[in-house]
Each structure stands twice: as C-alpha cells, then as structure tokens.
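J.: give me coordinates for this.
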Amino acid sequence: METKAVAKYIRLSPVKVRQVVDLVRGKKVDEALAILQFTPKRAARSVAKVIRSAAANAEHNNDSDRAELFIARAYVDQGPSLKRWRPRAYGRANVIKHRTSHITVVVSDGKEG
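T.: Down below sits the predicted model:
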C-alpha cells in the first residue's frame, strides 16, 4: 500500500533539494532518515520532515509496519518564485528570483492494497 506526503512552498531551490532527495530514493525509511541526519545540507531537514510525515501517514491510515516501509517515489517540483529587484548601474534593475520547492515523498510497504 502506498502513502504520500507533500510539503509545499519550501524556501529552497529545487535543484538543491533534488541533490538530497537523490540520496534517499529507494531506501528504507529508517535508513533514509539516518542518512539525512548526517547530510550537511539545509534541504536535508525539510526532506526528513516529509519522510517522517509519509511514514506516520502510512502507520496511521493504512496500519503499515514502519520497519517494512521504503521510499517508493520521491520527487521535487518547482513552486512559485518570489521576485525581488536589485539596482544596477545606469538606473537599470536586475531581478533576483527566490525559488520555492514542492517536495513529494511516496512510501510503500510492498504489499498490494
């Protein structure tokens, strides 16, 4: 049975979050959380939070055993960008884009539901 959790509008660039998600895709939930605990990237905290949420959803809604759960799918989509202006020479302006991410994690226990 598959269960998912989504974190939206995370103030991190999707490119940076994808680097962290690639580390844990396909791993067991407990193993993935152990990897993220020692990953020195800011995105590791957000990804771990979504994995914990997906595991809790599976335990509560589907009565799954946490020891059997693994990350079936994990992906990061781009959310809306916050646009800010920076003054430049000769009265011009450059746009600064503060990108946001939507993190989705799907956990499964390997059983058909």
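
J.: switch to C-alpha atoms for all contacts and neighbour counts from now on
T.: OK.

J.: in stretch 51-64, what counts as buried?
T.: 51-58, 64 (16 or more other Cα atoms under 10 Å).

J.: beta partners for K83?
T.: Judged by DSSP bridges, the bridge partners of K83 are K97.

J.: how many other residues sit next to it?
T.: Other residues near K83 come to 10 when the count uses other Cα atoms under 10 Å.

J.: with the one 5 residues further on instead?
T.: Applying other Cα under 10 Å, we find 9 other residues in the vicinity of R88.

J.: quick one: pLDDT of the residue nearest to it when sequence neighbours are not counted?
T.: Among residues not flanking R88 along the chain, N94 sits closest, at 6.6 Å (Cα to Cα, 6 or more residues apart in numbering). N94 is assigned a predicted lDDT (pLDDT) of 97.

J.: surely N94 and K83 touch.
T.: No. Using Cα atoms under 8 Å, N94 is not in contact with K83; the gap is 10.1 Å.

J.: I'd say A55 and V107 touch.
T.: Yes. In this structure A55 lies within contact range of V107 using Cα under 8 Å: 6.8 Å.

J.: spell out which residues are contacts of both of those two.
T.: 3, 29, 69 (Cα atoms under 8 Å, 6 or more residues apart in numbering).

J.: go through these and name the one nearest D77.
T.: When the shared contacts of A55 and V107 are compared for distance to D77 (Cα to Cα), T3 wins out at 18.3 Å.

J.: helices of the chain, residue ranges please.
T.: For the chain, applying DSSP state H gives helices covering 14-24, 29-37, 43-62.
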